[in-house]
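Student: Starting from these lines, generate the structure:
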Amino acid sequence: MCKSNFIHVCFIIDESGSMFDAIDDVIGGFRTTIDEQKAIKDGSCAVSFFKFSTGVEKVYIGKDINDVEYIDGVYAPHGLTALYDGVGTAIDEVGKWLNDMKEEERPEKNLIVIMTDGQENNSKEYTASRIKEMIKHQEEKYSWSFIYMGSDLKDANDANNIGIKTRGFASKSNFLQNWDIINCSVSSYRTTTGDASVKFAALDESLSLQASEATKKYAADNGLDAASLLGKDDK
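Tutor: Numbering: from 1, shown residues only. Modelled structure (predicted):
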């Protein structure tokens, strides 16, 4: 049995050059999220932080929320967009981290958060098909949750290619909304009591509903098809 009411949140953040105009919101939103999670005394939370541009960097993995450092001075957009390598590296590294832990010490829930504004253009180690298989495996065997959060994008090609069902889209001018969605959902998970499966479902529903609403507004403001962005046939 894993450790009850213990959630691990892994952030995989785009650090390519096109993210430069969102740098303050990435850093500030992360800081606010960490501060608010530190203030919650219910349950346990650990955080991992990966960033990708031309390559991938693991900043830290599995840190207790109270020991998490901010990313001021660490996050500096540049280079290309190795999105698939970022996601694949993070999944593999988190898997190794979990494997090295005693089962009773492992988090009850793993949430993988991908934030990006660009199309994949520089991955060398992982393909879309491989990432899709990895995500499906982690979802079905270990009940991991994944959310793709795209900024200033006109399509959902990358989310579709790697098979992420839960996705949210927003403009960079409203980038802090991404952090609000994650913070609200994780806070709800930590403060809710009950069976793990019920909490898993509640977390996924919270992420899906909030991200969907954000996407619908983004699509309406930019003349886009919300159903297409969300990967749904119906409008």
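
Student: any idea of the mean pLDDT for the longest helix along the chain?
Tutor: The longest helix of the chain (DSSP state H) is helix 196-222. Per-region confidence: helix 196-222 scores 95 on mean pLDDT.

Student: next one: stretch 108-127
Tutor: 96.

Student: got it, and stretch 161-176?
Tutor: Mean predicted confidence for stretch 161-176 is 96.

Student: Could you check how far it is from the centre of its chain?
Tutor: 9 Å (C-alpha atoms, centre = their mean, to the nearest Å).

Student: and the angle for the longest strand anywhere in the chain with helix 196-222?
Tutor: Ranked by residue count and defined by DSSP state E, the top strand of the chain is strand 3-14. Interaxial angle, strand 3-14 versus helix 196-222 (axes from the mean of the first three to the mean of the last three C-alpha atoms, to 10 degrees): 30 degrees.

Student: just use 25 as the starting number from now, easier for me
Tutor: Sounds good: first residue 25 from here, last item strand 27-38.

Student: Just the element for the residue nearest to residue 83 when sequence neighbours are not counted, please.
Tutor: Nearest residue to residue 83 in three dimensions, chain neighbours excluded: residue 73, at 4.3 Å (C-beta to C-beta, 6 or more residues apart in numbering). C-betas here are computed from N, CA, C, even on glycine. Using DSSP states H and E, residue 73 maps to strand 68-76.

Student: name the helices or strands packed onto that strand?
Tutor: strand 27-38, helix 47-63, strand 80-88, helix 107-123, helix 200-215 (3 or more C-beta pairs under 8 Å, 6 or more residues apart in numbering; DSSP states H and E).

Student: what lines up beside the third one in the sheet?
Tutor: Okay, so that is strand 80-88. strand 68-76 (antiparallel) (DSSP bridges).

Student: Surely the residue nearest to residue 83 is in contact with residue 32?
Tutor: No. Using C-beta atoms under 8 Å, residue 73 makes no contact with residue 32, being 11.8 Å away.

Student: Please find the angle between the direction vectors of the strand holding residue 73 and helix 107-123.
Tutor: Using the same axes, to 10 degrees: strand 68-76 against helix 107-123 is 150 degrees.
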